[in-house]
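Peer 1: The following block contains a protein sequence and its predicted model.
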Amino acid sequence: MGSNDEAPTYTPWVPVPNVQELVREDPLQVPLRYVREPEDRPKLSDMSHLSSLVPVIDLSLLLLRNKEELNKLDLACQDWGFFQVVNHGIAKQVLRKMKDAAAEFFELPLEEKNKYVMSSSDVQGYGQAYVVSEEQILDWSDALILLVHPSHYRKLKFWPKSPTGFQEIVEEYSNAIHKVATELFQSLSLIMGMDKDALLGLHKQLMQGYRVNYYPPCSKPDQVLGITPHSDASTITILMQDDDVCGLQLVHNNEWVPVNPIPDALVVNIGDIIEIWSNGKYKSIEHRAVANDTKARVSHATFITPNVEAEIEPLNHMIDPKTKQQIYKKVKYGDYLRNSMKKKLQGKAHTEIAKVETLA
Ligand SMILES: O=C(O)CCC(=O)C(=O)O
Ligand SMILES: [Fe+2]
């Protein structure tokens, strides 16, 4: 990791094939290194009725400090670690422009996209992140990852110049998401028993990363995963999904529950850092994406995180005064992030570094 002024890098990654290109060459091939163990394969039976259970939060009500909505948020963070946000105030046109620009980018020829290819020692750029060994089973997806805030972390050489206006729309979309994130932080601060500005302050200087995931269609969707089950090493993640292609699933009561898109809504999930600050009261839930055999899916994840220099530990007032039991210990966010990025995605394994060891 570099000094305070340099963008985090952390890697190196093992280079692997471009999945979109594999499918372009032969839509029927599914190389063995993508095939999951039987117990990890998705059941593609229709579970979409469960999706309606995922909480839906109205941000305009949160901004009015509506008690019922704050209560709903509290339960969503405890029971689900996930919710969909409606009335978030971002113009449909901004969402549309971001979706169109990203879709156009992924349709470019490989040599054009490879102008922005992630080098093996970086987290920014176009490629396949979290591949750390030749042996690991690979995800059925490609991604473009950009650090957006703080702005001196931006490496503009990775910001696509094509399609025209891509950089401007990333900026506009990211600013709009940033506003939603800070508004959500106010309500999260309140339900965590703090002053409305407390969470933002705990970030020191907030970092924001943007990751566009591209999941090509797969001829054997029941044998692969678009993205391996994981929790996010963020404070919160704000995800924009396609309006008509499903794929995201979360764990709830030991079942994989799909999070089907509500048009123009945003999906928010609680990341590991809120789980740590709240000493486990609010959960960073494992999620994954499944592939389908008909249509490519694109998702846009914005990771909001503390500064690499910020020290993270359970908030005093969130530790039970009777038991004083602390699940997590103090960790520097940069160390936490570096640890999580040098491992393959594997559920919540990367959170162990912040756990208090318990005597067996
Ligand atoms: O594509 C999705 O729905 C999930 C993406 C995701 O979990 C991530 O980028 O961390
Ligand atoms: Fe995620």
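Peer 2: Received it, and whenever you're ready, just let me know what you need. Numbers count the residues shown, from 1 in each chain. Ligands and ions are numbered 1, 2, ... in the order given.
Peer 1: helix or strand right after the worst-scoring helix or strand of the chain on mean pLDDT?
Peer 2: Between all helices and strands in the chain, the lowest mean by mean pLDDT, DSSP states H and E belongs to helix 48-51, at a mean of 82. Using DSSP states H and E, the helix or strand that directly follows helix 48-51 along the chain is strand 56-58.
Peer 1: in its sheet, what does that next one sit against?
Peer 2: When pairs are called by DSSP bridges, strand 56-58 turns out to pair with strand 82-86 (parallel).
Peer 1: The partner strand: how far from the chain's middle?
Peer 2: 14 Å (Cα atoms, centre = their mean, to the nearest Å).
Peer 1: Could I get the average pLDDT for that strand?
Peer 2: Regarding strand 82-86, the rounded mean pLDDT is 98.
Peer 1: and what of stretch 172-181?
Peer 2: Mean predicted confidence for stretch 172-181 is 98.
Peer 1: buried set for it?
Peer 2: Within stretch 172-181, the residues that count as buried by 16 or more other Cβ atoms under 10 Å are 172-174, 176-178, 180-181. Glycine gets a C-beta too; all of them are placed from N, C-alpha and C.
Peer 1: Which of these fall within helices?
Peer 2: 172-174, 176-178, 180-181 (DSSP state H).
Peer 1: Now render the residues you listed as a markdown table, adding distance to residue 121.
Peer 2: Listed next are those as a markdown table, based on distance: Cβ to Cβ, whole Å:
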| residue | distance to residue 121 |
| --- | --- |
| 172 | 30 |
| 173 | 28 |
| 174 | 24 |
| 176 | 31 |
| 177 | 28 |
| 178 | 28 |
| 180 | 32 |
| 181 | 29 |
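Peer 1: which one of those residues sits closest to ligand 1?
Peer 2: residue 177 (13.8 Å; Cβ to the nearest ligand atom).
Peer 1: Against which helices or strands is the least confident helix or strand of the chain packed?
Peer 2: strand 255-258 (3 or more Cβ pairs under 8 Å, 6 or more residues apart in numbering; DSSP states H and E).
Peer 1: So for the strand it packs on, what gets flagged as buried?
Peer 2: Within strand 255-258, the residues scored as buried using 16+ other Cβ under 10 Å are 256-258.
Peer 1: helices and strands around that strand, which ones?
Peer 2: helix 48-51, strand 248-252.
Peer 1: contacts for it?
Peer 2: 42-43, 47-48, 50-51, 53-54, 246, 248-251, 288 (Cβ atoms under 8 Å, 6 or more residues apart in numbering).
Peer 1: rerun at 10 Å
Peer 2: 42-43, 46-54, 80, 82, 229, 246-251, 285-288, 290 (Cβ atoms under 10 Å, 6 or more residues apart in numbering).
Peer 1: returning to that earlier point: need the buried residues of strand 255-258 in a markdown table with pLDDT and distance to ligand 1, can you?
Peer 2: Compiled in a markdown table, the buried residues of strand 255-258 are given as follows (pLDDT from 0 to 100; distance: Cβ to the nearest ligand atom, whole Å):
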| residue | pLDDT | distance to ligand 1 |
| --- | --- | --- |
| 256 | 93 | 13 |
| 257 | 94 | 13 |
| 258 | 95 | 10 |
